[in-house]
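Colleague: model the following, please.
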Amino acid sequence: MKKFFETKYGCIFHADSLEYMPMLKDSEVNLIMTSPPFGLVRKKDYGNADAHEYLDWFRPFAEQFNRILRDDGSLVIDIGGSWIPGQPTRSLYHYELMIMLCREYDFHLAQEFFWWNPSKLPTPAEWVNIRRIRVKDAINCIWWLSKTPWPKASNRRVLIPYSDSMKGLLKNGYKAKLRPSGHDISDKFSKDNGASIPPNLIAIANTESNSSYLNKCKENGIKPHPARFPIDLPEYFIRMLSDNGDFVFDPFGGSCVTGEASEKLKRKWVCVELEKEYIEGGKLRFPVKQIDRKAPTYNLSHPSALWNDVTKEKPLPSDGGKKRPKIENQTKRLKTDDKKHRSKAIREGTHKCQQSVQMRLF
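Modeller: The predicted model follows:
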């Protein structure tokens, strides 16, 4: 076990976290922010367990997490899903992991979050692009867990700008009334609190946020970590769930994104990583730059923006897409359909395309 690199607030260890964690005291850590190797069906070169073996592999980590975490601390796990081999259905391993942590290790599910990555490729190609029987998988689940029902937290740390519609209500006033759902919307709804409480859907594209790291790796001839999450993701939870000077720990440190975010936010931190080359790349993230205010937004198009007349819909495959279509015909049909959709949208003034929900990029 070796302390590989040290900064003002934290350090990177080149070690197995199962060997490092026993060195930590009971209830020493305020926040565990991590993205463990996913239980993917297809093996990745950063070391992941098969989906069916995942829970057994994770148990020793869960035991240590429970020991080292403070009673008011949080465990935040970013975890992607996987598909059952050879069929268009999903593995339940990431849900089973969350249930195991709660039932066997007495964690509480404080809240589930969903990270939407708009830049994610449309995979698996067989079900999404070729047979067209599933949509693009662009969501990672994020489990926010805690040792007690009352971990320290504040959504005031992660507020987002008001939407245009909310700005209009604040400007023009809102008449208190009872909604059809039964909720009584009082005049307090029109109070200007300066910003809006965010939803548990976090929109962050995993692209340019890593460009500086990638450029430095290229300049130094270092292989970059293939499964990085963007720094905005750990920054969000570190802000919401920890205070200045708290101890943030990442047992699957990778390229040390959690460490970079913690350093910027003046939290003490430790990242532990097995692969030396990934640590070499992680070292290039330091010294850290100042935190920039995030401005870009994403538009979510209304689901019906490009829907055809129902009388022109082709019948769904009676076998559920089991029979693989011919690729040549598929490509030709897709080009024709796309052309028709574009023409129809232009004729109708694309009024439905304008029905969108603006989401802030954290």
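Colleague: surely residue 78 is in a strand?
Modeller: Yes. Using DSSP: H, G, I helix; E, B strand; the rest coil, the assignment for residue 78 is a strand.
Colleague: if I pick it, what's in contact with it?
Modeller: In this structure, residue 78 makes contact with 34, 35, 115, 140, 141, 142, 229, 233, judged by Cβ atoms under 8 Å, 6 or more residues apart in numbering. Where C-beta positions appear, they are placed from N, C-alpha and C, glycine not excepted.
Colleague: among those residues, find the lowest-pLDDT one for me.
Modeller: Least confident of the contacts of residue 78 in the model: residue 229, at 87.
Colleague: show me the shaky parts of the stretch 201-350 of the chain.
Modeller: Within the stretch 201-350 of the chain, the stretches with pLDDT under 70 are 208-210, 291-299, 328-350.
Colleague: what segments of it are helices?
Modeller: 211-219, 232-241, 257-264, 276-283, 327-347 (DSSP state H, counting those that start in this stretch).
Colleague: just the residues contacting the first one, thanks.
Modeller: The set of residues that contact helix 211-219 without belonging to it, under Cβ under 8 Å, 6+ apart, is 222, 223, 224, 228, 255, 281, 284, 285.
Colleague: any idea which element the spatially most central residue of the chain lies in?
Modeller: Centroid-nearest residue in the chain: residue 115, 3.0 Å away (criterion: Cα atoms, centre = their mean). Element membership of residue 115 [criterion: DSSP states H and E] is strand 108-116.
Colleague: what residues does that strand touch?
Modeller: Counting by Cβ under 8 Å, 6+ apart, 74, 78, 98, 102, 138-149, 151, 153, 200-204, 229, 233 sit against strand 108-116.
Colleague: so which of the residues you listed are in strands?
Modeller: Secondary structure from DSSP state E places 74, 78, 139-146, 201-203 of the contacts of strand 108-116 in strands.
Colleague: please identify which pair of those lies farthest apart.
Modeller: Greatest spacing in the ones in strands among the contacts of strand 108-116, by Cβ to Cβ: 146 and 203 (24.5 Å).
Colleague: quick one, phi psi at the nearest residue to residue 152 once chain neighbours are set aside?
Modeller: Distances taken as Cβ to Cβ, 6 or more residues apart in numbering place residue 72 nearest to residue 152, at 4.6 Å, with adjacent residues excluded. Residue 72 has phi and psi values of phi -100, psi 10 when expressed as degrees, to the nearest 10.
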